[in-house]
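Engineer: Structural data only, the sequence is not supplied:
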Ligand SMILES: Nc1nc2c(ncn2[C@@H]2O[C@H](COP(=O)(O)OP(=O)(O)OP(=O)(O)O)[C@@H](O)[C@H]2O)c(=O)[nH]1
Ligand SMILES: [Zn+2]
């Protein structure tokens, strides 16, 4: 984003339009998607109260429908590549919610393949860290009942605008860490919602050689509270220790709770896991894909630290691919393990068997 674009107060940048739409959706207000001659009003069911649901039904003369993703449709026993749409005229809030999120939910009696504009609406919900079940309705251009609603061009959802890649270092300062010693915390601001993300520089890495780097996705439960359901807290601390042992490196701590689904979705998924589902099926039950993380921010932050070649400390092949796709040369990979427990063994097994992580789980179990 150039300074000129920042100082243009007469037009709205594509990424700003999307940011505003996210805020409206999270507030439980309809957003209009402009699709050629069509206008699609949409609400994220995740943010809807029964009263709001009824008001939307009234404002759309009961012509509203429910969009469910391919993953959710699949869990309901319906195969549909681009998701499905369910007419809601005779369906109240409770039943719609059961179609959208309930474990072993009711298969809808009537459905049709979804159209691309509805899938775009669910993309907006994903960016907003909301579940991708959408209440949608085609409305007439100029319908006064939606006059105060924000509209968004769906092309702006797909474009990774320059502004979204734009990060700036805000501050870098020393923090002494238990067992690690002095580390520098560099704070970067940018990306979606101009959030603050951090890089922790351990020791003094040699920038002329590939730099040891760990990209760690935030896990509030594991990193902070010592949850036994995953090994994230161990991996965070072991990862830092590995960087120190390697003579210095960088840990990028990304705001990607729940593999990019958000803490709300992760806790809902935990509820399903308590009923016996594995992590991937639990996410699919909520309409989510296996992994929702992106690595543009990590690559941008590494770039600002003058790092273009890295040895990545991870077991996750999609992190390697994600960094490479964003121009970082990954010259090697080092495993980062935690402790296997009765509570996290299924989580680790799913990572190995269904997400291709390079974990030698059986030897880890034997080592315990
Ligand atoms: N959706 C979902 N996310 C989870 C669950 N358990 C942990 N997570 C998230 O999974 C992510 C794990 O992050 P990382 O440890 O950086 O990544 P990883 O994919 O395990 O790969 P490496 O640790 O680098 O090998 C965090 O964002 C956690 O919040 C779960 O049951 N469901
Ligand atoms: Zn975790």
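Structural biologist: Here it is on my side, so go on. Only a predicted model underlies this, so the values are computations on that prediction, with no experimental measurement involved. Ligands and ions are numbered 1, 2, ... in the order given.

Engineer: In the stretch 101-250 of the chain, where is pLDDT below threshold?
Structural biologist: Across the stretch 101-250 of the chain, the ranges flagged by pLDDT under 70 are 160-164.

Engineer: can you map out the strands along this structure?
Structural biologist: 31-35, 38-44, 65-68, 84-87, 112-113, 134-138, 151-152, 167-177, 181-190, 195-203, 211-217, 248-254, 309-313, 329-334 (DSSP state E).

Engineer: what's the closest non-adjacent residue to the residue nearest the centre of the chain?
Structural biologist: Central residue of the chain (Cα atoms, centre = their mean): residue 260, 2.5 Å from the mean position. Using Cβ to Cβ, 6 or more residues apart in numbering and skipping residues adjacent in sequence, the residue nearest residue 260 is residue 292, 3.4 Å away. In short, each C-beta sits where N, CA and C put it, glycine included.

Engineer: The stretch 151-300 of the chain against ligand 2: which residues are in contact?
Structural biologist: By the rule Cβ under 5 Å from the ion, the part of the stretch 151-300 of the chain lying against ligand 2 is 219, 222, 230, 232.

Engineer: would you list those residues in JSON lines and tack on neighbour count?
Structural biologist: Output for these, formatted as JSON lines (neighbours: other Cβ atoms under 10 Å):
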{"residue": "219", "neighbour count": "23"}
{"residue": "222", "neighbour count": "21"}
{"residue": "230", "neighbour count": "20"}
{"residue": "232", "neighbour count": "23"}
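
Engineer: domain ranges for the chain?
Structural biologist: 3-158, 166-256+293-367 (automatic domain parsing).

Engineer: can you give me how far the longest one is from the chain middle?
Structural biologist: In this case it means domain 166-256+293-367. 17 Å (Cα atoms, centre = their mean, to the nearest Å).

Engineer: Buried deepest among the strands of the chain, which one?
Structural biologist: Of all these, strand 65-68 carries the top mean neighbour count, a mean of 27, counting by mean count of other Cβ atoms under 10 Å.

Engineer: so the residue nearest to the centre of the chain sits right up against residue 297, yeah?
Structural biologist: No. Counting by Cβ atoms under 8 Å, residue 297 is not a contact partner of residue 260; they are 11.2 Å apart.

Engineer: can you list contacts of stretch 322-331?
Structural biologist: Stretch 322-331 has contacts (Cβ atoms under 8 Å, 6 or more residues apart in numbering) with 210, 215, 293-296, 298-300, 302-303, 307-312, 320.
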